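> Sequence first, predicted model second:
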Amino acid sequence: MQQQGLLKDGVIYGPLIQKTYLCAMSSLKKLLGQTAVYGLSSIVGRLLNYLMVPLYTYNLPAAEYGMVIELYSYVALLFALLTYGMETTFFRFSETENDKKQVLSTSSIALLVSTFVFLIVSWFSRESIAGALGYEAHVEFVSWFIIIIAFDALTSIPFAWLRQQNKAFNFAGLKLINIFVNLSLNLFFILYCPRVMAQGESHWLYGFVNSIFNPEMLVSYVFISNLIASGITMAMMLPIYKHIKLGFNWNIWKRMMPYTLPVLVVNITGLIPISMDKILLPVFYSGTAEESMHQLGVYGANTKIAVIMLLFIQTFRYAADPFFFAESRNHNARETYAKVMHWFVIFGSGIFLATVMFLDVIKYFVGTEYRDGLFVIPILLMGNLILGVNYNLSFWYKLTNKTIYGAWFSIIGAVTSIALNIILVPRFGMMGSAWSVFAAYLIPTVLTYFYGKKYYPIPYKVWPMLLYPTMVYIIYYIQSAMEWSLVFRVVFFVVLGVSIVLYERRRKAGKA
């Protein structure tokens, strides 16, 4: 008797294909569901966080905002160094080890010890660090950031554990609390306190505000708000550390380190393009120190607009990290990875087009002083999309324990970034910084793809991956040259989106 298969789109598929199809769709639905939860918290969180950008750019001079951009660029690199890839390593070993709580305990203790060492050494060296960074007059900035980095490092494994346990709502809630506290304090110090001081003793809170607030040091309250928010998050994560009573497993740790050290290199060198452009811009910009910080402030504000693509990538990544590792056990995993990549590129291309087509509206997100740098946004957006593609591609060396390849690719990208900043910034200013980011993401992505074909071939649809980004960039160029009206752009974008969905459905059905 012939076994009936799956009837779909008028075609009967056999049992094996049926099982493969249903398994793949179930996995994709699981990823979509988790991405929705992480995405909602990430989008809401980022939107709350984004409110700080107009808050800063409408209230802080560009030179002072440049200080914020510069210091947080250093913090990003230090945080990656201090966590040394243990987050990814925790995910991997939680899948391969039988005793998952031992993995959690060992990872947590390892980070506790390394963070304590960092805290002691950096605290007693804070004056030297401040001098080296050019902040001799503000040693307190360095002191605050030492504590912030320590708090954030100690919460990295607890947050990873929540993701590994599929506790998306717990994860989202804690992230939102951190952002809400940070935003509320920023609004209090930067908007409310100056108004109270302006009203003087007639305001009922004047005495309190006058005792804690110095209007001459407005930028310092950006860092104080972060410090308080990180401290509250750390306190709320302490219950998870109860698992460290299980002790430190030396055998697990010894197997972790060869895996995690290349991941550390990948993380550090991966951050260099997105951090080093902001660190090197004031160094190599051909102008005075104040002009350099002004240029950095303008560039930094516009990179925040381009971060909308990174928001999409980060939202995707929160769900994809545990999903990709768990999916690797399925026989049809590679087909699933290819489908995920295909739709990732489509959505990413749509985000690019939506941002650049309506830039004349989005520009009001930043203050007038900062709008001279809008021209870097398309370059940075496309570079960030390439970064997302690279993130998808990179799972082949994580799944095959060949993380050393990722380290080498990232080193090449980092060297590219530094070299191009040195060459281009003196001549082109912030435009040189933007192109350095683009090139530093593109080169490792190409290398990751070709080496992945050799060691872990995945049936990616390469031409659509190239077609969609190319198409949206051409559309952006045409609409910029022809100066389409706002109404026409809205209609065109909607029609294009519907056409792509219909085309993909027909292609899936084998009719296109």
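Yep, that arrived.

> alpha carbons only for contacts and neighbour counts from here, please
Will do.

> Just give the nearest non-adjacent residue to Ile272, would you?
Leaving out its chain neighbours, the residue that sits closest to Ile272 by C-alpha to C-alpha, 6 or more residues apart in numbering is Ala414, at 5.6 Å.

> now swap in Ser286 and tell me
Pro426 (5.4 Å).

> From the structure, what's the count of residues near the one you found?
18 (other C-alpha atoms under 10 Å).

> Pro378 too?
Pro378 has 20 nearby residues by other C-alpha under 10 Å.

> Doesn't it lie inside a helix?
Yes - Pro378: assigned to a helix according to DSSP: H, G, I helix; E, B strand; the rest coil.

> so where does the closest residue in space to it that isn't next to it in sequence fall, helix or strand?
Once flanking residues are discounted, Pro378 sits nearest to Val356: 6.4 Å by C-alpha to C-alpha, 6+ apart. Applying DSSP states H and E as the criterion places Val356 in helix 333-357.

> and that helix, how far from the chain's centre?
16 Å (C-alpha atoms, centre = their mean, to the nearest Å).

> For it, name the packing helices and strands.
helix 15-50, helix 289-327, helix 377-393, helix 462-482, helix 486-508 (3 or more C-alpha pairs under 8 Å, 6 or more residues apart in numbering; DSSP states H and E).

> Least reliable of the ones you listed by average pLDDT, please.
Here the lowest mean pLDDT among those goes to helix 15-50, at a mean of 57.

> Wait, a helix at Leu261?
Yes - when three-state DSSP is applied, Leu261 is found to be in a helix.

> residues contacting it?
Taking C-alpha atoms under 8 Å, 6 or more residues apart in numbering, we find Leu261 in contact with Tyr84, Gly85.

> got it, and Arg334?
With C-alpha under 8 Å, 6+ apart, Arg334 has these contacts: Pro457, Ile458, Pro459.

> Could you point out which of those residues is nearest to Ile224?
Distance to Ile224 across these (C-alpha to C-alpha) is lowest for Ile458, with 46.9 Å.

> for that closest one, what are its contacts?
Arg334, Glu335, Tyr337, Ala338, Gly452.

> what does Trp396 give?
Gly452, Tyr455, Tyr456.

> Secondary structure element for the closest residue to Phe213 other than its chain neighbours, which one?
Closest residue to Phe213 apart from its sequence neighbours, by C-alpha to C-alpha, 6+ apart: Cys193 at 7.1 Å. Here Cys193 sits within helix 193-199, counting by DSSP H and E.

> What is that helix packed up against?
Using 3+ C-alpha pairs under 8 Å, 6+ apart, helix 193-199 is in contact with helix 206-212.

> ok, back up a step: how about the contacts made by the residue nearest to Ser286?
Contacts of Pro426 (C-alpha under 8 Å, 6+ apart): Phe284, Tyr285, Ser286.

> From those residues, list just the buried residues.
Phe284, Tyr285 (16 or more other C-alpha atoms under 10 Å).

> would JSON lines of the contacts of Pro426 with pLDDT be doable?
Output for the contacts of Pro426, formatted as JSON lines (pLDDT from 0 to 100):
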{"residue": "Phe284", "pLDDT": "91"}
{"residue": "Tyr285", "pLDDT": "90"}
{"residue": "Ser286", "pLDDT": "85"}
